[in-house]
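Participant: Let me see the structure of the following:
(one chain, ligands or ions: 1)
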Amino acid sequence: MPKSIALIGGGPACMIAAYYLSDQYNVTIYEQGKAIGRKFLVAGNGGFNLTNAAKDEALRNAYSQDSILLDALKEFDSGDTRNWLAELGIDTFIGSSGRVFPEGDTKPVEVLKKIKAALKRKGVNILLHHRFVGFDQLNKPLIQHKESTFSLSEDKFIFGLGGASWSKTGSNQDWLKEFEKINISTVQFASSNCGIDLNISQEFLTTCQGTPLKNISLSLNNHHRKGEAVITKYGLEGNAVYPLIPAIRERQKQGKKVVLYLDLKPNNTVNQLKAKIIPGKTRTKNYQYVFNLTKIHIDLVKLTLQKDAFLDPYSFVEQIKKVPLHIDSLRPIEEAISTVGGIDFQELNDFFWSKKHPKIGIIGEMINWDAPTGGYLLQACFSSGVQIARSLLTPL
Ligand SMILES: Cc1cc2nc3c(=O)[nH]c(=O)nc-3n(C[C@H](O)[C@H](O)[C@H](O)COP(=O)(O)OP(=O)(O)OC[C@H]3O[C@@H](n4cnc5c(N)ncnc54)[C@H](O)[C@@H]3O)c2cc1C
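Facilitator: Predicted coordinates for the structure are as follows:
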């Protein structure tokens, strides 16, 4: 029976695993940076979605369909996350689209402080400036601290080194090659939950950057997403864009051109809009008022229509419902909110342990799964952390 566990990486996946494992084991977190939970804090800079209140199928359908992760989500779901947070003194509430936020004006740093305090109370040893640099000949992790490098001697080693974006928070892909050296196969990282570069007038983007497009819908083949997007200096980003990223990525992989269709009036049919036209009277100068559009909407439609078609209100109306947006590329990994790629699920057993190296476990975003924003990312990190802890705790 193992007595000591090393958790390598101080993100949310390892923090929750440490919390539960410390009931029965000596637990040490080895973190390369000067603090744990740096990406967790960054996540709190916008809306801090600690999980998503979606339950059962609705929760699991948000993820790439890998049975190991889906089982972990069954065992520890968003309700369990909220209960765990409540146990730590962090009350939460459900906001729009099921996103779960900390109650009141609790700041992300206070949430992290409470998690850290709980780990301290439970005797978890946190060693900062301790960097994983590879494996020794016995496949034990090598840790570099100041001038020295040493092999870990704990009974089990659980890695939660994060994905590949926002390297300033400590998550980079440096570890990828070290896992390949011990024959654990990996999948190349790619951006997820990121912006898209559009092939559209740069002048328009520069003038309109920062403008939100509210209550819109975006479509790619049979994928449709209502929500909001923001015009950026390169194209678009936002919650209506992110869920379409996997489909965009897939088409680009196949070498296909990708055109997204923007519906500026998802709550109106073309016929309803056409009914507003007064023949002979509805002219371009009235479009904004008649169809309740902004100047930016009009400019955007104008960019994508021939002049004659723009002057014809019937053609204009049809275009409002399907403005073609030609995608050049996804934004770089470094900027993405999350990444796909990393450790291949094929390498793991049902409890996130390596099949080839049974003393090595892998959790969190360093594994190849995908999910949209809205609390689902942290939930997967928490569920995988708890699942690996359960495999070592008695009773299970
Ligand atoms: C801008 C932004 C906003 C986000 N907002 C949300 C949100 O609202 N809701 C949500 O659910 N998710 C959100 N996320 C995603 C979420 O923060 C991540 O999915 C989550 O933090 C991943 O957790 P993790 O434990 O797998 O890895 P990380 O949090 O990345 O932690 C990995 C840790 O491992 C350490 N490490 C890496 N390499 C080594 C090494 N060689 N040796 C030792 N330590 C190492 C790193 O320093 C880091 O501390 C957001 C992400 C970003 C970038």
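Participant: use CA for all of it now, contacts and neighbours both
Facilitator: Noted.
Participant: Pull up the residues of the stretch 251-396 of the chain that are close to the ligand.
Facilitator: Within the stretch 251-396 of the chain, the positions lying close to the ligand (CA under 6 Å from any ligand atom) are 337-338, 364-366, 373-378, 381.
Participant: and which of these is nearest to Lys122?
Facilitator: Closest approach between these and Lys122, by CA to CA: Cys381, at 20.5 Å.
Participant: what about the closest one, how many neighbours?
Facilitator: Per other CA atoms under 10 Å, the neighbour tally for Cys381 reads 28.
Participant: I'd say it and Ala17 touch.
Facilitator: No: Cys381 sits out of contact with Ala17 when judged by CA atoms under 8 Å, with a separation of 9.6 Å.
Participant: hang on, isn't Tyr19 packed against Arg121?
Facilitator: No: with contact defined as CA under 8 Å, Tyr19 does not reach Arg121; the gap is 9.7 Å.
Participant: more crowded one of those two?
Facilitator: Higher neighbour count among Tyr19 and Arg121: Tyr19, with 22 against 11, using other CA under 10 Å.
Participant: Okay, that one and Ala371: tell me how far apart.
Facilitator: 25 Å (CA to CA, to the nearest Å).
Participant: Cys194 too?
Facilitator: 12 Å.
Participant: okay, which residue is most central for this protein?
Facilitator: Ser338 (4.0 Å; CA atoms, centre = their mean).
Participant: what pairs with that residue across the strands?
Facilitator: For Ser338, the beta-bridge partners are Ser192 (DSSP bridges).
Participant: Can you name the residue of the stretch 201-350 of the chain nearest the ligand?
Facilitator: Ranked by CA to the nearest ligand atom, the top residue of the stretch 201-350 of the chain for proximity to the ligand is Ile337, at 4.1 Å.
Participant: is the one helix or strand Lys120 maps to up against the ligand anywhere?
Facilitator: Under the criterion of DSSP states H and E, Lys120 resides in helix 108-121. No: judged by CA under 6 Å from any ligand atom, helix 108-121 stays clear of the ligand, getting no closer than 10.3 Å.
Participant: Could you list the buried residues of that helix?
Facilitator: Buried residues in helix 108-121, counted by 16 or more other CA atoms under 10 Å: 108, 111-112, 114-116, 118-119.
Participant: among those, which one has the lowest pLDDT?
Facilitator: Among the buried residues of helix 108-121, Pro108 has the lowest pLDDT, at 93.
Participant: what residues does the stretch 101-250 of the chain put near the ligand?
Facilitator: Near the ligand, when you scan the stretch 101-250 of the chain using CA under 6 Å from any ligand atom, you find 130-133, 160-163, 166, 170-171, 175.
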